[in-house]
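Chemist: fold the following for me, if possible:
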Amino acid sequence: MLKIRKGKSQDVLKILQLIKELATFEKEPEAVVIDENYLIEFGFSENPSFFTYVAEYNGEIVGMALFYYRFSTWKGQTIHLEDLIVKQSKRNLGIGKALYNEVLKFAAEKKVKRVEWVVLNWNTNAIKFYQKTGAKVLSDWRTVQMDEKGLKSYLEIL
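Modeler: Model (predicted):
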(Lines give C-alpha, C1' and ligand atoms only; values in the text may rest on other atoms or scores of the structure.)
Protein backbone atom coordinates (compact mmCIF):
# COMPACT_ATOMS: atom_id res chain seq x y z
CA MET A 1 0.00 0.00 0.00
CA LEU A 2 1.40 3.40 -1.02
CA LYS A 3 0.87 6.53 1.07
CA ILE A 4 2.26 10.01 0.28
CA ARG A 5 2.38 12.43 3.20
CA LYS A 6 4.18 15.53 4.37
CA GLY A 7 7.56 14.81 5.91
CA LYS A 8 7.97 15.17 9.67
CA SER A 9 11.02 15.80 11.83
CA GLN A 10 10.87 12.15 12.89
CA ASP A 11 11.55 11.22 9.25
CA VAL A 12 14.92 12.97 8.93
CA LEU A 13 17.04 9.84 9.31
CA LYS A 14 15.19 8.19 6.41
CA ILE A 15 15.24 11.44 4.42
CA LEU A 16 18.99 11.72 4.90
CA GLN A 17 19.46 8.10 3.84
CA LEU A 18 17.49 8.81 0.67
CA ILE A 19 19.56 11.95 -0.01
CA LYS A 20 22.72 9.86 0.30
CA GLU A 21 21.29 7.19 -2.00
CA LEU A 22 20.55 9.89 -4.59
CA ALA A 23 24.10 11.25 -4.28
CA THR A 24 25.42 7.76 -4.95
CA PHE A 25 23.07 7.36 -7.94
CA GLU A 26 24.32 10.71 -9.28
CA LYS A 27 27.92 9.49 -8.87
CA GLU A 28 28.77 11.89 -6.02
CA PRO A 29 28.50 9.77 -2.87
CA GLU A 30 30.89 12.01 -0.88
CA ALA A 31 29.04 15.24 -1.74
CA VAL A 32 26.50 15.11 1.12
CA VAL A 33 27.82 17.17 4.05
CA ILE A 34 24.60 17.83 5.97
CA ASP A 35 23.36 15.75 8.89
CA GLU A 36 20.05 15.06 10.63
CA ASN A 37 20.32 18.13 12.88
CA TYR A 38 20.85 20.37 9.87
CA LEU A 39 17.76 18.94 8.19
CA ILE A 40 15.70 19.46 11.34
CA GLU A 41 16.93 23.04 11.77
CA PHE A 42 16.26 24.11 8.19
CA GLY A 43 13.28 21.94 7.27
CA PHE A 44 11.25 21.51 10.40
CA SER A 45 11.61 24.80 12.25
CA GLU A 46 9.09 27.63 12.57
CA ASN A 47 10.19 29.12 9.21
CA PRO A 48 11.42 26.15 7.17
CA SER A 49 13.75 26.61 4.21
CA PHE A 50 12.27 23.57 2.48
CA PHE A 51 9.33 21.18 2.48
CA THR A 52 9.18 17.44 1.97
CA TYR A 53 6.79 14.72 1.00
CA VAL A 54 7.65 11.15 1.84
CA ALA A 55 6.38 7.98 0.24
CA GLU A 56 5.53 5.10 2.53
CA TYR A 57 5.22 1.71 0.88
CA ASN A 58 3.86 -0.99 3.17
CA GLY A 59 4.75 1.24 6.14
CA GLU A 60 8.37 1.88 5.09
CA ILE A 61 9.64 5.26 3.85
CA VAL A 62 10.98 4.47 0.38
CA GLY A 63 10.98 7.85 -1.36
CA MET A 64 10.86 11.57 -0.87
CA ALA A 65 10.57 14.88 -2.64
CA LEU A 66 12.25 18.00 -1.25
CA PHE A 67 11.29 21.44 -2.58
CA TYR A 68 11.27 25.12 -1.69
CA TYR A 69 9.98 28.49 -2.83
CA ARG A 70 11.93 30.69 -5.23
CA PHE A 71 11.09 34.00 -6.84
CA SER A 72 11.30 34.79 -10.54
CA THR A 73 11.60 38.43 -11.52
CA TRP A 74 9.59 37.61 -14.63
CA LYS A 75 6.96 35.25 -13.27
CA GLY A 76 6.72 35.78 -9.50
CA GLN A 77 6.69 33.01 -6.91
CA THR A 78 7.89 29.61 -8.12
CA ILE A 79 8.86 26.29 -6.57
CA HIS A 80 12.16 24.52 -7.05
CA LEU A 81 12.05 20.74 -6.78
CA GLU A 82 15.50 20.02 -5.39
CA ASP A 83 15.34 16.24 -5.14
CA LEU A 84 12.95 13.44 -5.92
CA ILE A 85 14.27 10.01 -5.00
CA VAL A 86 12.87 6.52 -4.69
CA LYS A 87 14.91 3.66 -3.26
CA GLN A 88 16.46 1.60 -6.03
CA SER A 89 14.59 -1.52 -4.90
CA LYS A 90 11.22 0.24 -5.11
CA ARG A 91 11.48 1.91 -8.51
CA ASN A 92 8.98 1.26 -11.30
CA LEU A 93 6.08 0.96 -8.85
CA GLY A 94 4.66 4.46 -9.50
CA ILE A 95 6.14 5.90 -6.29
CA GLY A 96 8.19 8.61 -8.02
CA LYS A 97 5.19 9.68 -10.06
CA ALA A 98 3.04 9.85 -6.92
CA LEU A 99 5.61 12.10 -5.20
CA TYR A 100 5.95 14.24 -8.35
CA ASN A 101 2.17 14.59 -8.56
CA GLU A 102 1.97 15.67 -4.91
CA VAL A 103 4.56 18.44 -5.45
CA LEU A 104 2.68 19.65 -8.53
CA LYS A 105 -0.62 19.65 -6.63
CA PHE A 106 1.03 21.68 -3.84
CA ALA A 107 2.30 24.16 -6.45
CA ALA A 108 -1.15 24.50 -8.01
CA GLU A 109 -2.78 25.00 -4.60
CA LYS A 110 -0.26 27.72 -3.76
CA LYS A 111 -0.81 29.29 -7.20
CA VAL A 112 2.87 29.48 -8.04
CA LYS A 113 3.78 30.44 -11.57
CA ARG A 114 6.25 27.64 -12.28
CA VAL A 115 7.85 24.52 -10.89
CA GLU A 116 11.43 23.95 -11.94
CA TRP A 117 14.17 21.44 -11.32
CA VAL A 118 17.41 20.15 -12.75
CA VAL A 119 17.97 16.74 -14.30
CA LEU A 120 21.30 15.24 -15.28
CA ASN A 121 21.66 14.85 -19.05
CA TRP A 122 22.47 11.14 -18.73
CA ASN A 123 19.33 10.38 -16.69
CA THR A 124 17.29 9.52 -19.77
CA ASN A 125 14.55 7.68 -17.84
CA ALA A 126 13.82 10.80 -15.80
CA ILE A 127 13.98 13.06 -18.87
CA LYS A 128 11.51 10.87 -20.77
CA PHE A 129 9.19 10.78 -17.75
CA TYR A 130 9.23 14.56 -17.32
CA GLN A 131 8.64 15.17 -21.02
CA LYS A 132 5.75 12.70 -20.99
CA THR A 133 4.08 14.78 -18.26
CA GLY A 134 4.36 17.95 -20.35
CA ALA A 135 7.45 19.43 -18.67
CA LYS A 136 9.97 21.16 -20.91
CA VAL A 137 13.60 20.10 -20.63
CA LEU A 138 15.48 23.25 -21.58
CA SER A 139 18.65 22.79 -23.59
CA ASP A 140 19.63 26.44 -23.87
CA TRP A 141 20.06 27.16 -20.14
CA ARG A 142 23.06 26.01 -18.12
CA THR A 143 23.20 25.43 -14.38
CA VAL A 144 25.76 27.70 -12.74
CA GLN A 145 27.10 27.09 -9.24
CA MET A 146 29.74 28.56 -7.00
CA ASP A 147 30.65 26.27 -4.13
CA GLU A 148 31.85 27.33 -0.68
CA LYS A 149 35.53 27.15 -1.68
CA GLY A 150 34.95 29.19 -4.83
CA LEU A 151 32.95 31.78 -2.93
CA LYS A 152 35.70 32.16 -0.34
CA SER A 153 38.42 32.45 -3.00
CA TYR A 154 36.46 34.98 -5.02
CA LEU A 155 35.67 37.17 -2.03
CA GLU A 156 39.33 37.14 -0.97
CA ILE A 157 40.34 38.82 -4.26
CA LEU A 158 37.70 41.56 -4.13
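Chemist: where's Val103, which helix or strand?
Modeler: Following DSSP states H and E, one finds Val103 within helix 95-109.
Chemist: scratch that, Tyr154 is what I was asking about
Modeler: Here Tyr154 sits within helix 148-157, counting by DSSP H and E.
Chemist: same question for that helix, mean pLDDT?
Modeler: For helix 148-157, the mean pLDDT works out to 95.
Chemist: next: stretch 37-56.
Modeler: When pLDDT is averaged over stretch 37-56, the result is 97.
Chemist: about what we covered before: elements contacting the helix holding Val103?
Modeler: In terms of contacts (3 or more Cβ pairs under 8 Å, 6 or more residues apart in numbering; DSSP states H and E), helix 95-109 is packed against strand 2-6, strand 51-57, strand 60-72, strand 76-86, strand 115-116. For every residue, glycine as well, the C-beta is placed using N, CA and C.
Chemist: who does the second one pair with, and is each partner parallel or antiparallel?
Modeler: Read it as strand 51-57. strand 2-6 (antiparallel), strand 60-72 (antiparallel) (DSSP bridges).
Chemist: tell me the average confidence for the helix holding Val103?
Modeler: According to the model, helix 95-109 has a mean pLDDT of 98.
Chemist: which positions in it come out as buried?
Modeler: Buried residues in helix 95-109, counting neighbours by 16 or more other Cβ atoms under 10 Å, are found at Ile95, Gly96, Ala98, Leu99, Tyr100, Glu102, Val103, Leu104, Phe106, Ala107.
Chemist: from Leu16, how far out is the last one?
Modeler: To Leu16, Ala107 is 25 Å away according to Cβ to Cβ, to the nearest Å.
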